[in-house]
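Peer 1: Mind folding the following:
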Amino acid sequence: MRLNVDFSALETVASKFQSRRTFQLNLDNQPPLERIDIDLVKGIEIQLEDLDSEDGLLSYKGRHVILYIRDHGGKLDEAILDPTRGKRFHVADCETLESMRTQGRFERYVVTQSTSGDFEISGRSYATGRTTTGVARLKVCKNCLAKLNFNSYLLASRTEKSGKWLSFSLLEFFETYSTRFRQLPRGLASSEEASTYSKDWQETSRRLREASNYRCEDCQIVLREHMDLLHVHHVNGVKNDDRPPNLSVLCKDCHRKQPLHGHIFVSRREMGIISRLRAAQGIQPRTWDEAIRMADLAVRPTLELARHQRWDVPEFALNIPGRRGGSFHVEAAWARSKRAIVSVEGAEVPAEWRADTAGALLSELGASL
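Peer 2: Numbering: from 1, shown residues only. Okay, the predicted model is just below:
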């Protein structure tokens, strides 16, 4: 059923107030709120068999989640005072979870979508001798970082790995894999507070995009028909500093990859539009540095291993012949070796091609390190 609603009256009223925000109803990015979305903020106890894996990432009833063990036994106080001594939380279907399944371990597993880094745990307090609860900033599982090659973890030295583990950010994790999530956790959004912008920012932004001929200054994509994917970036991160040297026109993908970018989340649909338009406009990487820079953040860890193993520079968003006629869209491809990265498992590519998801190819490449 298609719903047509006229918001012109509301827009007329809103136009009388000074604000950079425009009214829009975005059903694609904000599915209807369900009870499970509310419960996942606090956490839901599950059994391991209730957990699903989607290309290496953890999911529960269609939502991508974080998994942790609530019961810390007699180490409750230690975990609260020193998170490195607490039980690890998981962001991937790593070998630790596989070992738990094999051993049939029964624990109070909890899935959550909270990005605060604070986990409610339980156990026996050493100070009081009583069973109680507390909040700890648990640390991520190192096997999860290896599973995903998150932040180039597999290619790092021992000292560098320790630093990456200690500095792991859940917000950065969700940002990296936003194109893989069918639904981002509630509370995550790419909109910034209006009060941080100058009052005439909307007009300044429109004028600069028009002057650039709607072209991204970084990757050079033209987004005339997709203005919502073309941003104006404040280089120094100060959003009310509108001096010309501090402003640059960037597509949404290039914008999120900038320092001080303010956590911009790109959906699978948005990344698909950008990738296809780049390919249609002849924008392809010529070097590995360009390929890593242009790649979807969720695909970067796989490409880093391919580069490490001296694969050719890939092409993005190619259409290759389908097994049953027509053509098939792939995220990245190596035409000479007939290898491709696809977004879903079981893609019907021609027999001479081998297609894997980014996670499957990462596991293959990682096993040979």
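
Peer 1: How are the strands of the stretch 51-200 of the chain distributed by residue range?
Peer 2: Using DSSP state E, counting those that start in this stretch, the strands found in the stretch 51-200 of the chain span residues 52-54, 57-60, 63-64, 66-69, 109-112, 119-124, 131-136.

Peer 1: Residues contacting the fifth one, please?
Peer 2: Contacts of strand 109-112 from elsewhere in the structure, counted by Cβ atoms under 8 Å, 6 or more residues apart in numbering, are 40-48, 51, 58, 60, 65-70, 119. All C-beta spots, glycine's among them, are computed from the backbone N, C-alpha and C.

Peer 1: how deep is Gln47 tucked in, by neighbour count?
Peer 2: 9 (other Cβ atoms under 10 Å).

Peer 1: and the residue nearest to it when sequence neighbours are not counted, what pLDDT?
Peer 2: Distances taken as Cβ to Cβ, 6 or more residues apart in numbering place Tyr109 nearest to Gln47, at 6.9 Å, with adjacent residues excluded. As predicted, Tyr109 sits at a pLDDT of 94.

Peer 1: So what pairs up with Tyr109 in the strands?
Peer 2: Ile46, Ile69 (DSSP bridges).

Peer 1: how deep is it tucked in, by neighbour count?
Peer 2: Going by other Cβ under 10 Å, the residues that sit close to Tyr109 add up to 22.

Peer 1: nearest to Glu34, of the strands of the stretch 51-200 of the chain?
Peer 2: When the strands of the stretch 51-200 of the chain are compared for distance to Glu34 using Cβ to Cβ, the nearest one is strand 63-64, at 9.5 Å.

Peer 1: got the contact list for that closest one?
Peer 2: 36-37, 40, 54, 57-58, 113, 177, 180-183.

Peer 1: go with 6 Å
Peer 2: Identification of contacts with strand 63-64 by Cβ atoms under 6 Å, 6 or more residues apart in numbering yields 57, 181, 183.

Peer 1: Among the residues you listed, pick out the one closest to Asp241, please.
Peer 2: Phe181 (32.1 Å).

Peer 1: how about that closest one, what does it touch?
Peer 2: Counted by Cβ under 6 Å, 6+ apart, Phe181 has contacts His64.

Peer 1: Quick check: pLDDT value at it.
Peer 2: 85.

Peer 1: Going forward, the N-terminal residue is numbered 18.
Peer 2: Taking 18 as the first residue, the last one we looked at is Phe198.

Peer 1: what's the distance between it and Asp67?
Peer 2: 19 Å (Cβ to Cβ, to the nearest Å).

Peer 1: With Ala357 instead?
Peer 2: When Ala357 is compared with Asp67 (using Cβ to Cβ), they lie 32 Å apart.

Peer 1: Could you check the pLDDT of the closest residue to Asp94 other than its chain neighbours?
Peer 2: Nearest non-adjacent residue to Asp94, counting by Cβ to Cβ, 6+ apart: Tyr143, 4.8 Å away. For Tyr143, the pLDDT comes out at 86.

Peer 1: how deep is Tyr143 tucked in, by neighbour count?
Peer 2: 11.

Peer 1: mind checking which helix or strand His280 is in?
Peer 2: For His280, there is no host helix or strand (DSSP states H and E).
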